[in-house]
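> Requesting a structural model of the entry that follows:
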Amino acid sequence: MNEDDQTSEPQWAVPPEGGWTADDLDTLPNLPPHTELIDGSLVFACPQTLFHSRATSFFGEHLRAAAPPGTHTISRFTIDIDRHNRPEPDVVVVSAPVVRSMDQTRLPSDSVLLVVEVVSEDSLSRDRETKPVQYARATIPHYWRVENHDGRAVVYVFEREPATGAYPSTGIFRDRTKVSVPFTVDLDLTAITARRSRAADPE
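Presented below is the predicted three-dimensional model:
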């Protein structure tokens, strides 16, 4: 095989010394969609399950409706934690002033009021261990983790403790999530896995 027949590796296949940076996500060519940066390493998104897709849509829609004026609810959009960490939460609620342009590619973590992560098989350890530490360090006040337990959505709710900088659990919700912070929300979780599908669901 001659040199012209060889397929060159993409630029992002080999990380630089010290790892990738948050700025690299905007400049590396042909990155797969929804690539995250975790501890200087690129993390690629696996194909979504139906649960993941429906849960992300559910929380995006209902949190947008419940959130107070002066906020935006955005799905699958990256936030800056630090130089080597730029995760892409499934849903974020942010202060409105940081949304400046339809062309922007990231949001500052200090603007985030709530992060929601929907757990997939490949993201289990990141969503349970790695990301909560990063989100707490970034002083994001509220973190929700959504898991599929035998076909039922379960929501684990955490609120950052300022004195310790950690996320103690404030509740585990099945079938219904009802909380008063960061704003009042009352959600029927059974709608996520209901068998009766909407027109947008795959047949």
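> Could I get the pLDDT score of Tyr143?
What the model reports as pLDDT for Tyr143 is 98.
> ugh, wrong one, I meant Asp4
Looking at Asp4, its pLDDT stands at 44.
> do the same with Ala200
At Ala200, pLDDT is 46.
> Report the beta-bridge partner residues of Tyr156.
Beta-bridge pairing for Tyr156 (DSSP bridges): Arg145, Ile172.
> Where does pLDDT dip in this structure?
1-7, 196-203 (pLDDT under 70).
> As a check, name the ranges of all strands in it.
With strands called from DSSP state E, the chain shows them at 36-38, 41-43, 71-75, 79-80, 91-95, 107-108, 112-118, 142-149, 152-159, 169-174, 176-179, 185-188.
> Where is the longest helix in the protein?
helix 50-66 (DSSP state H).
> mind listing what's buried in stretch 52-62?
Going by neighbour count (16 or more other CB atoms under 10 Å), the buried part of stretch 52-62 is His52, Ser53, Arg54, Ala55, Thr56, Ser57, Phe58, Phe59, Gly60, His62. No exception for glycine: its C-beta is placed from N, CA and C like everyone else's.
> Please disregard the earlier target; I meant stretch 28-36.
Buried residues in stretch 28-36, counted by 16+ other CB under 10 Å: Leu31, Thr35, Glu36.
> got the contact list for the residue lying closest to the last one once chain neighbours are set aside?
Using CB to CB, 6 or more residues apart in numbering and skipping the chain neighbours, the partner closest in space to Glu36 is Val43 (4.4 Å). Each residue near Val43 by CB atoms under 8 Å, 6 or more residues apart in numbering is listed here: Thr35, Glu36, Leu37, Arg126.
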